[in-house]
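# Kindly return the folded structure for what I paste below:
(one chain, ligands or ions: 1)
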Amino acid sequence: MEVVIVPDAQAGGEVIAEAMVALLRRKPDALLGVATGSTPLPVYQALTAKVGAGAVDAGRARICQLDEYVGLPAGHPESYRSVVLREVVEPLGLDQASFMGPNGSADDIPAACVAYDRALTEAGGVDLQLLGIGTDGHIGFNEPCSSLASRTRIKTLTEQTRIDNARFFDGDIDQVPHHVITQGIGTILEARHVVLLATGEGKAEAVAQTVEGPVSALVPASALQLHPHATVVVDEAAAAKLKLADYFRATFAAKPEWQGL
Ligand code: GLP
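Residues are numbered from 1 along each chain as shown. Here you go, the predicted model:
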């Protein structure tokens with residue numbers, strides 16, 4: 001796994017957006033897997049700016065969701081579908097036909113999970129999957145002890161994740177759903193390139209365990225160690241507990257530019 005230490009969140013957004021631009025130049029209809037939460041927002045802002053400045057034509061890009069709450073009413077502003085439409089699809093000027101996600105209000109949730117997992121494969125697979133990380137090391141909504149081979153399925157959120165996400169629901173934990181649909185860890189690992197962005201000191205412990213700890217279901221993000229092309233982009237605060245930080249800095253500084261991320 002490659003670790004890229006950047007000065008701040010904005011620089012993280014730049015470096016990842018640049019990788020997305022390079023991908024879209026190579027493959028104009030690339031399928032970009034996007035994450036929600038606060039962390040990826042600088043990526044979407046940087047990508048929108050680059051596309052607006054003509055760096056690449058994103059008109060054929062396709063976007064897919066990582067996860068979704070179960071049971072929020074259609075059109076709820078904090079459903080991940082609404083968030084991705086607002087933060088990614090609309091700013092890039094894409095239409096809804098280029099966007100796919102799991103149906104969190106389906107009558108048959110298990111069937112909706114299987115259908116979404118299959119739809120990703122039938123779409124040719126995810127070319128670049130962007131991830132954030134939970135304070136407990138979760139990716140998507142794969143909470144600790146998720147199977148490392150898991151597929152898209154329903155999960156129950158931990159109390160900590162519901163506390164962390166209450167800020168999107170007027171600070172009221174009672175409004176945060178207990179259940180979610182998430183791409184499984186096995187599903188995520190099928191993306192051709194996985195890029196995890198973590199910023200802020202609150203993520204430092206999870207990042208250290210992800211990168212330098214053992215592969216363990218207790219830290220779901222550590223499964224990225226098994227991926228042949230995983231990139232972890234961290235700001236200085238999130239890198240604070242990495243023992244090999246100097247090595248990671250030297251490696252990236254010496255990296256030939258043509259390689260990209
Ligand atoms: C939620 C999302 C994750 C995200 C995490 C961290 O749990 N399902 O995909 O990584 O929040 O969010 P933030 O970036 O706001 O810390």
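
# contacts and neighbour counts: CA atoms only from here.
Noted.

# hmm, stretch 180-194 in reach of the ligand?
No - using CA under 6 Å from any ligand atom, stretch 180-194 stays clear of the ligand, coming no nearer than 7.9 Å.

# hmm, who's touching that stretch?
For stretch 180-194, the external contacting residues (CA atoms under 8 Å, 6 or more residues apart in numbering) are 66-70, 102, 104, 113, 117, 125-131, 139-142, 146-157, 220, 223-224, 227, 229-231.

# Give me the buried entries from those residues.
Neighbour-count burial (16 or more other CA atoms under 10 Å) applied to those gives 66-70, 102, 104, 113, 117, 125-131, 139-142, 146-148, 150-155, 157, 220, 223-224, 227, 229-231.

# Intersect those residues with the contacts of the ligand.
Subset of those in contact with the ligand: 131, 139-141, counting by CA under 6 Å from any ligand atom.

# what's the following helix or strand after the helix or strand harbouring Thr231?
Element membership for Thr231 (DSSP states H and E) is strand 230-235. Counting by DSSP H and E, the next helix or strand C-terminal to strand 230-235 is helix 245-253.

# Okay, buried residues for that following helix please.
With burial defined by 16+ other CA under 10 Å, the residues of helix 245-253 counted as buried are Ala245.

# just checking, what packs against it?
strand 2-6 (3 or more CA pairs under 8 Å, 6 or more residues apart in numbering; DSSP states H and E).

# Contacts for the strand it packs on next, please.
Strand 2-6 is contacted by residues 12, 230-236, 239, 245, 248-249, 252 when judged by CA under 8 Å, 6+ apart.

# Of all pairs in these, which one is the farthest apart?
Ala230 and Glu236 (19.1 Å; CA to CA).

# Which single residue in the stretch 151-261 of the chain comes nearest to the ligand?
Closest approach of the stretch 151-261 of the chain to the ligand (CA to the nearest ligand atom) occurs at Thr161, with a separation of 6.2 Å.

# Could you grab the helix/strand/coil label for that residue?
With DSSP: H, G, I helix; E, B strand; the rest coil as the basis, Thr161 sits in helix.

# Okay, strands next: where are they in this structure?
Remark: strands assigned in the chain by DSSP state E are 2-6, 31-34, 62-65, 67-69, 99-100, 128-131, 153-156, 179-182, 193-198, 230-235.

# Lowest average confidence across helices and strands of this protein, where is it?
Within the chain, confidence by mean pLDDT, DSSP states H and E is lowest for helix 159-165 among all helices and strands, at a mean of 94.

# could I get that helix in CSV with only the CA atoms?
Coordinates of each C-alpha in helix 159-165 appear next as CSV, following Å, rounded to 0.1, in the frame of the first residue of the first chain:
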residue,chain,number,x,y,z
GLU,A,159,-23.1,3.5,18.7
GLN,A,160,-19.8,5.3,18.0
THR,A,161,-20.6,5.7,14.3
ARG,A,162,-24.1,6.9,15.1
ILE,A,163,-22.6,9.5,17.5
ASP,A,164,-20.1,10.5,14.8
ASN,A,165,-22.8,10.9,12.2
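
# Give me the contacts around it.
The contact list for helix 159-165 (CA under 8 Å, 6+ apart) reads 134-135, 173, 176-178.

# Report the two members of these separated by the largest distance.
Thr135 and Pro177 (18.2 Å).

# Is it possible to get a markdown table of the strands of the chain that adds mean pLDDT?
As requested, those are exported to a markdown table (pLDDT from 0 to 100):
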| stretch | mean pLDDT |
| --- | --- |
| strand 2-6 | 98 |
| strand 31-34 | 98 |
| strand 62-65 | 98 |
| strand 67-69 | 98 |
| strand 99-100 | 97 |
| strand 128-131 | 98 |
| strand 153-156 | 98 |
| strand 179-182 | 98 |
| strand 193-198 | 98 |
| strand 230-235 | 98 |
